[in-house]
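# Turn this into a structure:
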Amino acid sequence: MIRITATIAIDQGEIAESFIRSSGPGGQNVNKLATAVQLRFDVRHSRSLPNEVRARLEKLAGRRLTRDGVLVITAERHRTQERNRQDARERLVALIRQASIRPKPRRPTKPTAGSRERRIQTKKRRSRIKKLRSGRPAME
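Presented below is the predicted three-dimensional model:
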């Protein structure tokens with residue numbers, strides 16, 4: 001089990017990892033070893049995620065989410081498979097943690113008296129400038 005928050009934990013079986021060749025650093029090994037990790041997590045069919053977290057995670061994932069609702073994270077920052085694997089899992093955990101935070105609802109506020117007064121004064125000033133421009137005949 002991978003612990004995300006106090007109430008959310010993901011089973012290891014819900015995560016699929018495959019190893020691919022990395023485009024990053026690696027020296028002579030770069031064309032021989034598959035060090036990059038492609039982590040797949042089925043967001044839509046996961047039993048570990050509450051519905052509201054699932055919906056927020058789908059929005060947060062953006063282009064990393066396939067049509068089938070599978071989140072794909074590719075990690076190739078490091079030269080070893082194990083470090084890339086760890087990096088991919090950390091990124092998944094961070095994304096789910098971010099999705100688990102319920103956004104605060106926006107409460108509409110009224111403009112203050114001072115801001116209304118400044119707005120009116122600016123409009124009056126602008127109006128006077130335009131009146132001065134149009135009141136004079138054009139000089140040729």
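
# which outside residues touch the helix or strand A94 falls within?
For A94, the enclosing helix or strand under DSSP states H and E is helix 81-100. Here helix 81-100 makes contact (Cβ atoms under 8 Å, 6 or more residues apart in numbering) with 2, 4-5, 8, 10, 15, 17, 19, 22, 33-39, 41, 49, 53, 56-57, 60-61, 71, 73-78. (Each C-beta comes from the backbone N, C-alpha and C, glycine too.)

# Tell me which entries of the residues you listed lie within helices.
In helices, judged by DSSP state H, the following of these are found: V53, R56, L57, L60, A61.

# show me the contacts for the residue most central in space within the chain.
Closest to where the C-alpha atoms of the chain average out (Cα atoms, centre = their mean) is L60, at 4.6 Å. L60 makes contact with L95, Q98, A99, according to Cβ under 8 Å, 6+ apart.

# Nearest to I120 among those residues?
Q98 (42.2 Å; Cβ to Cβ).

# and the closest one, how many residues sit next to it?
Q98 has 12 neighbouring residues, counting by other Cβ atoms under 10 Å.

# Now do it against S23, distance only.
Note on Q98: its distance to S23, by Cβ to Cβ, to the nearest Å, is 27 Å.

# picking that back up, can you tell me which of the contacts of L60 lies closest to R128?
Distances from R128 to the contacts of L60, taken as Cβ to Cβ, are shortest for Q98 (50.5 Å).
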